[in-house]
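# sequence first, predicted model second:
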Amino acid sequence: MVEKKFLLLDLDGTIINTVLLWRFACKQILEQDGFYLTDSQIALLPNELHSVVQYGHRDSNEFVRRVVQYVRENVSTTQLHVGVLEILELFKSRGLPMAIVTSSFHITAMEMLEQHCITGYFPVVVGRDDVADGHTKPHREPFDTALTRLGGIESKKKVVVTGDQRNDVLGGKNIGAITVAYYPEAHHSVYQSQDVAVWGADHVISDFSELEHIVLRQ
């Protein structure tokens, strides 16, 4: 008999294809401030916006505020990744508890979920400002917070953590969960397959439909 599993999902770049939006927002704000970074440097910024200080920007808090504002104002330009809605509906029909664990602020995450009419799939949404001690992924605290709000889990082996970034995989490993790296074609211009392999995820998928086997049939 297959054990019931709990699914913790990243939002940006995993559920919703926001990779290019975040990169464009960073590029726009930096150029407004007189900073011109390479595409490879820009690609790394959305994962940790405050790291902009290493390029000489003196006010990372203001930079973050403006980037987040730009993204929030342009949420309507984003799309769900192919197959997401179908797999969410399948998991919901099977009674699978699902939560969002994101490094975005809670209000930004909720606006994205509402834009795509998928808030009903996620009774729990944990943003970077929902964790009391301020830890973000890959620290285990955001994941533990989500699981606690889902009702508590006895065995982390019943948890599947899915995301498109190294911090998602490392965070899942930090709580002893099954880890899934999502590497769709849309991300091939951002990082290479060999980079994803180094993360050490239990599974690497390129299509959301592949989650069905991992979550429901193992």
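Done, it's in. Every value quoted in this text rests on a predicted model; they were computed, and no experiment measured them. Numbers count the residues shown, from 1 in each chain.
# low pLDDT regions in the chain?
Per-residue confidence for the chain (pLDDT under 70) gives these ranges: 1-3, 153-156, 218.
# that one: helices as residue ranges?
With DSSP state H as the criterion, the chain has helices at 19-32, 39-44, 60-73, 84-93, 106-115, 141-150, 166-174, 193-199, 211-216.
# among those helices, which is the most enclosed?
With neighbours taken as mean count of other C-beta atoms under 10 Å, those reach their highest mean count in helix 166-174, at a mean of 23. Just so you know, the C-beta spots here come from the backbone N, C-alpha and C atoms, and that holds for glycine as well.
# okay, the angle between that one and helix 141-150?
When axes from the mean of the first three to the mean of the last three C-alpha atoms, to 10 degrees is applied, the directions of helix 166-174 and helix 141-150 differ by 60 degrees.
# kindly export helix 166-174 (C-alpha atoms) in PDB.
Written as PDB, here are the backbone C-alpha positions of helix 166-174 (Å, rounded to 0.1, in the frame of the first residue of the first chain):
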ATOM      1  CA  ARG A 166      19.400  24.300  -5.200                       C
ATOM      2  CA  ASN A 167      18.100  25.700  -1.900                       C
ATOM      3  CA  ASP A 168      14.800  23.800  -2.400                       C
ATOM      4  CA  VAL A 169      16.700  20.500  -2.700                       C
ATOM      5  CA  LEU A 170      19.000  21.300   0.200                       C
ATOM      6  CA  GLY A 171      16.200  22.400   2.400                       C
ATOM      7  CA  GLY A 172      14.300  19.200   1.700                       C
ATOM      8  CA  LYS A 173      17.400  17.200   2.600                       C
ATOM      9  CA  ASN A 174      17.700  19.100   5.800                       C
END
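# just give me how far it sits from the chain centre.
On the basis of C-alpha atoms, centre = their mean, to the nearest Å, helix 166-174 is displaced by 11 Å from the centre of the chain it belongs to.
# next: stretch 49-65.
Centre to centre, stretch against its chain (C-alpha atoms, centre = their mean), the figure for stretch 49-65 is 21 Å.
# residues contacting it, please?
Outside stretch 49-65, the residues within contact range by C-beta atoms under 8 Å, 6 or more residues apart in numbering are 26, 29-30, 33, 35, 37, 41, 44-45, 67.
# nice, that's everything, thank you.
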